[in-house]
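>>> The following comprises the amino acid sequence and a computationally predicted model.
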Amino acid sequence: MIRLAIVIVIALATATHSQRDGSRGGGSAKSGRMNILMIASDDLRPQLGCYQPETWVGQHAEMHTPNIDALANRSVVFLRAYCQQAICGPTRASILTGRRPDTTNVHTIGPYWRKEGGNFTSLPQHFKQSGYTTVGHGKIFHPGSSSGGTASDYVNPGPAFPWVLGDDYPYAWTFDDKELPPYYHAPNKMYWQCSAAPGYNTTCPGGGMGHRVTPSYATVNATLEAEIPLMDDQIATQAIKTLGILKGRPDTNWFVAVGFHLPHLPELVPERFVDLYPDPVDLPDNQFAPHDMPLVAWSSSGELRGQYSDARALNSSGAVNTTLPANFTLALRRHYYGAVSYLDYQVGRVLTALSDNEQADNTVVALWGDHGYQLGEHGIWGKVTNFELATHTALIISWPGMGRPSKSSSYVEFVDIFPTLSDLGGISVPPLCPADSSDIELCTEGISLRPIFFDSTHEVKLASFSQYPHGPHGALEASAGEFRGDKLAPLTCPNTVAGSWLAVQKGHTRNNVFVFNVSSNGGVIMDFSDCGDCSFESAVGSLTATGVTLTLKFHDSTRTDFQIGTFANNSCQLLWTTNSTDASGHWTPFFREGHIPPNPAPPAPAGTTYMGYTMITKVEGIEYRYTEWPLWRGNPATKGVADWTNIAGVELYNHTADPEENENIESQVPPALVNELRAQLRAGWRAALLPNGTTIP
């Protein structure tokens, strides 16, 4: 606690210092300022070659990202960079205003910070007001109502398409340039994002993303790729044109933003990039919820399950400790990796143009992913959680005025991007915001990271902070079934026919699985060949016209609680539905061991929201993630306040011993440690700022 108190006093005294004591580097002929090339990616976890091996955990492929790695070789790679909320709209509002979600009052996709939080100056607007030409491409702001447009802009582009879908119009971009369009969206956007089928080239059938006929992943052959270029190819091509035009304006300072869509779903990737990765790749080694995880922390992977035709066909509920079929998991992971390599290729095209145009020596290049992504780890797909894989993402910045290229292990946050690019570009650095900044147009809740460019050992913060709102049972409101002790528990499996296969797994490995084959006479054949010591005593099944009912009796002397994730309508997962007599290689683990508290949240009416506040920090050299889920009083989408007297759950993960966050140890550690972390979390980000040049004691 002494450490915390000292930092509060010193940090508040120094946080607004703009740090202009080092060399500036070359600038444009007109002003001595630097140009800015900001490259954004969607759903990019820091699984890049340049981040290996410092930040990679669990099962993963060896990544092929030569162009981003080359950029890293002349940059600072921020190994411990965290977004403030792991979903597109809120994180981009936070990045591009330099303010946190509780200040922008944007906690979900849809709200626009200028309406909900205040008329805050955006990052490109700040450069525009400083005399820069500002040009945008692709996905920078979240399009539609999240950036001042309408919700229908996103799925049904209006007559201004492809260059206005909200995009903070008219504040952010230069609209009076006769040669440069102020903004560019890929004309093939709706074809690839929504349908990828003839007849739906501009809109989603039925008018909504839930009506996509696009699969979640697919390889794109060279013929189709040439006939209908992918979105990110079109975006890179237009960005190259923009840089070419700006080459002819040596006296113009410019801010060019290039926002790529991949590796966001759908993973529609040219074959040659998917083929860079083995088939199959590895399954996650932790397809189970963290032990003792409160249900409020869970995500049901709704984006994948609800929006894409192939995933919808699986009829998965997304319940705790359920998994998707292994073949689907393997294919989607492989296509995600291919999408990252395709992104790398497009980044390389843009950076090559920058170099060929002789613009690299006076241009700051910043590359970031808006948040991380979960590829089946913990059984979760997507972002929308407070886990490490959702909040941790990539941040790489190259500055011609910097010292040696390096990797920084300091905790940094995405609210730091705005003041850092302002500082490196040579324009005014926004001052630190006061506690209530709703009436202040230009200020920041981040800090400039400029000192790190001269000394990568500098630590600028004690912690990084993120947040996410969930219901009492996380993103999944329906509770899962549960076995407890020596009991008989029936499980009804509708639509199960003879020849179907069901699987039950005890533990976390394939060797603890036994398979049920539903026979035509209504019985259930149990195959214990792979079971190991399952401790299940009996299974009785009956087949009816509507499905099969299983009754399992088990005993386990070491653990009395088993969680069973159920699918929609209390149904079971079908492994396949052929009449084959061999399920080898086709089953997917369904039931998984692990205690989930049955009633982790206080009684709450339907629609109640809890705001998960999470922090990553170190105590005596050990890195921890600490999370609390207080009741959120107010509008769950925007304005509200945390009620710290009503907590739905607490999580504590020891990253040093458990980097995959598989074990919530909050109830296992000394109370003094929990109390220290609780105090630090509730003291907030201001108390975590370190003075310039100070390292964590």
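Thanks, I have the structure now.
>>> In space, what's closest to residue 37 - neighbours in sequence excluded?
Excluding its sequence neighbours, the residue lying closest to residue 37 (C-beta to C-beta, 6 or more residues apart in numbering) is residue 365, at 4.8 Å. For every residue, glycine as well, the C-beta is placed using N, CA and C.
>>> Quick one: mean pLDDT over the host helix or strand of that neighbour.
Element membership for residue 365, per DSSP states H and E: strand 363-369. Across strand 363-369, pLDDT averages out at 98.
>>> what's next to it, contact-wise?
Contact with strand 363-369 is made by 34-46, 68, 71, 75, 81, 95, 347, 351, 354, 393-400, 414, 417, 420-421, 424-425, as judged by C-beta atoms under 8 Å, 6 or more residues apart in numbering.
>>> after the strand ranked longest in the chain, next one along is what?
For the chain, the strand with the greatest residue count under DSSP state E is strand 640-654. Reading on from strand 640-654 to the C-terminus, the next helix or strand found by DSSP H and E is helix 671-683.
>>> Buried ones in that following helix, by neighbour count?
673, 674, 676, 677, 678, 680, 681, 683 (16 or more other C-beta atoms under 10 Å).
>>> Out of the residues you listed, which comes closest to residue 258?
residue 681 (35.6 Å; C-beta to C-beta).
>>> quick one: contacts for that closest one?
Here residue 681 is in contact with 465, 613, 614, 615, 626, 628 (C-beta under 8 Å, 6+ apart).
>>> again, but for residue 137
183, 184, 235, 238, 239, 242, 256, 257, 258, 259.
>>> These in helices, which ones?
235, 238, 239, 242 (DSSP state H).
>>> Tabulate those (CSV), appending distance to residue 645, neighbour count and pLDDT.
Output for these, formatted as CSV (distance: C-beta to C-beta, whole Å; neighbours: other C-beta atoms under 10 Å; pLDDT from 0 to 100):
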residue, distance to residue 645, neighbour count, pLDDT
235, 48, 24, 96
238, 52, 21, 96
239, 50, 27, 98
242, 53, 24, 97
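>>> if we can go back for a sec, quick one: mean pLDDT for the longest strand of the chain?
pLDDT averaged over strand 640-654 gives 94.
>>> so what's the backbone phi/psi at residue 407?
phi -120, psi 130 (degrees, to the nearest 10).
>>> Next, work out how far apart the nearest residue to residue 292 once chain neighbours are set aside and residue 317 are.
Nearest residue to residue 292, sequence neighbours excluded (C-beta to C-beta, 6+ apart): residue 664, at 4.2 Å. According to C-beta to C-beta, to the nearest Å, residue 664 stands 23 Å off from residue 317.
>>> can I assume residue 351 sits in a strand?
No: judged by DSSP: H, G, I helix; E, B strand; the rest coil, residue 351 forms no part of a strand; its state is helix.
>>> Residue 71 is in contact with that one, correct?
Yes: using C-beta atoms under 8 Å, residue 351 makes contact with residue 71 at a distance of 6.3 Å.
>>> Poorly predicted segments of the stretch 51-200 of the chain, please.
150-165, 194-200 (pLDDT under 70).
>>> for it, what spans make up the strands?
For the stretch 51-200 of the chain, the strands defined by DSSP state E, counting those that start in this stretch cover 76-82, 133-138, 183-184.
>>> can you pull the contacts of the closest residue in space to residue 119 that isn't next to it in sequence?
In this structure, residue 119 finds its nearest non-sequential neighbour in residue 441, 5.7 Å apart by C-beta to C-beta, 6+ apart. Residue 441 sits next to 118, 119, 120, 121 when contact means C-beta under 8 Å, 6+ apart.
>>> run the last query once more with 7 Å
119, 120, 121 (C-beta atoms under 7 Å, 6 or more residues apart in numbering).
>>> Same question for residue 391.
Counted by C-beta under 7 Å, 6+ apart, residue 391 has contacts 82, 83, 86, 371, 372, 466, 614.
>>> thinking again about what came up before, out of the contacts of residue 137, which comes closest to residue 653?
residue 259 (31.8 Å).
>>> The closest one - how many residues pack around it?
25 (other C-beta atoms under 10 Å).
>>> now swap in residue 622 and tell me
12.
>>> Give me the spatial nearest neighbour of it, chain neighbours excluded.
Per C-beta to C-beta, 6+ apart, closest to residue 622 is residue 656, 4.7 Å.
>>> Looks like that neighbour contacts residue 624 (just checking).
No: using C-beta atoms under 7 Å, residue 656 and residue 624 do not qualify as a contacting pair, with a distance of 8.2 Å.
>>> With neighbour numbers in mind, choose between these two.
residue 624 (22 against 11).
>>> who are the neighbours in contact with that one?
Neighbours of residue 624 in contact, by C-beta under 7 Å, 6+ apart: 617, 652, 653, 654, 655, 677.
>>> Let me know which of the strands of the stretch 51-200 of the chain is the nearest to residue 448.
Comparing the strands of the stretch 51-200 of the chain by C-beta to C-beta, strand 76-82 comes nearest, at 12.7 Å.
>>> Just the angle for that closest one relative to strand 363-369, thanks.
On the basis of axes from the mean of the first three to the mean of the last three C-alpha atoms, to 10 degrees, strand 76-82 is oriented at 30 degrees to strand 363-369.
>>> Now do the contacts for residue 674.
652, 666.
>>> How much space separates it from residue 618?
15 Å.
>>> and what of residue 132?
39 Å.
>>> same thing with residue 116?
34 Å.
>>> more crowded one of those two?
The neighbour count for residue 116 versus residue 618, taken as other C-beta under 10 Å, is higher for residue 116 (18 against 15).
>>> tell me the contacts of the more buried one?
Taking C-beta under 7 Å, 6+ apart as the test, what residue 116 contacts is 104, 105, 106, 638, 639.
>>> now residue 445
So residue 445 contacts 98, 99, 100, 103, 415, 433, 685 (C-beta under 7 Å, 6+ apart).
>>> Go through stretch 319-331 and flag the buried ones.
319, 320, 321, 322, 323, 324, 325, 326, 328, 329, 330, 331.
>>> out of those, who's nearest residue 648?
residue 320 (14.9 Å).
>>> Quick check: pLDDT value at that closest one.
84.
>>> So that it lines up with my notes, have the first residue be 14 from now on.
New numbering, starting at 14: the last item is residue 333.
>>> how close does it sit to residue 299?
Distance from residue 333 to residue 299, by C-beta to C-beta: 14 Å.
>>> next one: residue 290
20 Å.
>>> Export the longest strand of the chain to PDB, keeping only CA atoms.
Written as PDB, here are the backbone C-alpha positions of strand 653-667 (Å, rounded to 0.1, in the frame of the first residue of the first chain):
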ATOM      1  CA  GLY A 653     -23.900   4.000 -15.400                       C
ATOM      2  CA  VAL A 654     -21.800   3.700 -12.200                       C
ATOM      3  CA  ALA A 655     -20.300   0.600 -10.500                       C
ATOM      4  CA  ASP A 656     -21.800  -0.500  -7.200                       C
ATOM      5  CA  TRP A 657     -18.800  -1.900  -5.400                       C
ATOM      6  CA  THR A 658     -21.000  -3.200  -2.500                       C
ATOM      7  CA  ASN A 659     -22.600  -5.700  -4.900                       C
ATOM      8  CA  ILE A 660     -20.000  -8.000  -6.400                       C
ATOM      9  CA  ALA A 661     -21.000 -10.900  -8.700                       C
ATOM     10  CA  GLY A 662     -17.600 -12.600  -8.800                       C
ATOM     11  CA  VAL A 663     -13.900 -12.100  -8.200                       C
ATOM     12  CA  GLU A 664     -11.000 -13.600 -10.300                       C
ATOM     13  CA  LEU A 665      -7.300 -13.900  -9.700                       C
ATOM     14  CA  TYR A 666      -4.900 -15.600 -12.000                       C
ATOM     15  CA  ASN A 667      -1.200 -16.000 -11.500                       C
END
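>>> What strands line up against it, and which way round?
Here strand 653-667 has these sheet partners by DSSP bridges: strand 635-647 (antiparallel).
>>> what number of residues lie near the nearest residue to residue 362 once chain neighbours are set aside?
Leaving out its chain neighbours, the residue that sits closest to residue 362 by C-beta to C-beta, 6+ apart is residue 249, at 4.8 Å. Residue 249 has 26 neighbours, counted by other C-beta under 10 Å.
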